[in-house]
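1. Return a 3D structure for these sequence lines:
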Amino acid sequence: MKFFKGTKLYSILTGTCPVCHKESMYLESNPYKLGRIFDMHEHCSHCGTKYKIEPSFFFGAMYVSYAVGIAFAVAAFIIAYFFLGGGLLTSFVVIIGTLVVFMPIIVRLSRNIWINLFLHYKPNSGNN
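-> Okay, the predicted model is just below:
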């Protein structure tokens, strides 16, 4: 993953600060600890970037979450229907199962994408 450091893709996939890429934005790295899925640091300890740019900033991530959820659902359908040969009912069950199992990942991924739309990598920002 170090190969992508300095790109938005790195920050999106790892959940690190979008400005310095040195610290996780989340207090708990495991998204499957559902009680702490939304808990984030207020600021990056390396570069001081404020993650919650304004009140309710991450409400916009709901729109991204819809698109990411559709991508997961389409992938689940293609795998279940075309590769595994399941029928429509089987594919529907696989889609619902996929969305339930991957919900924490989708939530975090959506937040990461949303914040990376507004903040950009600055290579020397973490040199405190």
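2. Tell me which residue is most central in this protein.
-> Leu109 (1.0 Å; Cα atoms, centre = their mean).
3. Name the helix or strand for it, please.
-> In the assignment (DSSP states H and E), Leu109 maps to helix 103-118.
4. contact partners of that helix?
-> Around helix 103-118, the neighbours that count as contacts under Cβ atoms under 8 Å, 6 or more residues apart in numbering are 8, 11-13, 15, 18, 25-26, 31-32, 34, 37-38, 51, 53, 57-58, 60-62, 64-65, 68-69, 72, 99. In this view, the C-beta of every residue, glycine as well, is placed from N, C-alpha and C.
5. Out of those, which end up buried?
-> 8, 11-12, 15, 18, 25-26, 31, 37, 51, 58, 60-61, 64-65, 68-69, 72 (16 or more other Cβ atoms under 10 Å).
6. Which ones among the contacts of helix 103-118 lie within helices?
-> Lys8, Ser11, Ile12, Leu13, Ala61, Met62, Val64, Ser65, Val68, Gly69, Phe72, Leu99 (DSSP state H).
7. quick one, what contacts Lys5?
-> By Cβ under 8 Å, 6+ apart, Lys5 lies in contact with His21.
8. so what pLDDT did it get?
-> We have a pLDDT of 82 for Lys5.
9. Look up how far Cys17 lies from it.
-> The gap separating Lys5 from Cys17 is 12 Å, by Cβ to Cβ, to the nearest Å.
10. what about the protein, any weak spots by pLDDT?
-> Scanning the chain for pLDDT under 70 picks out the ranges 1, 125-128.
11. What values do phi and psi take at His43?
-> As for His43, its main-chain torsions (degrees, to the nearest 10) stand at phi -140, psi 160.
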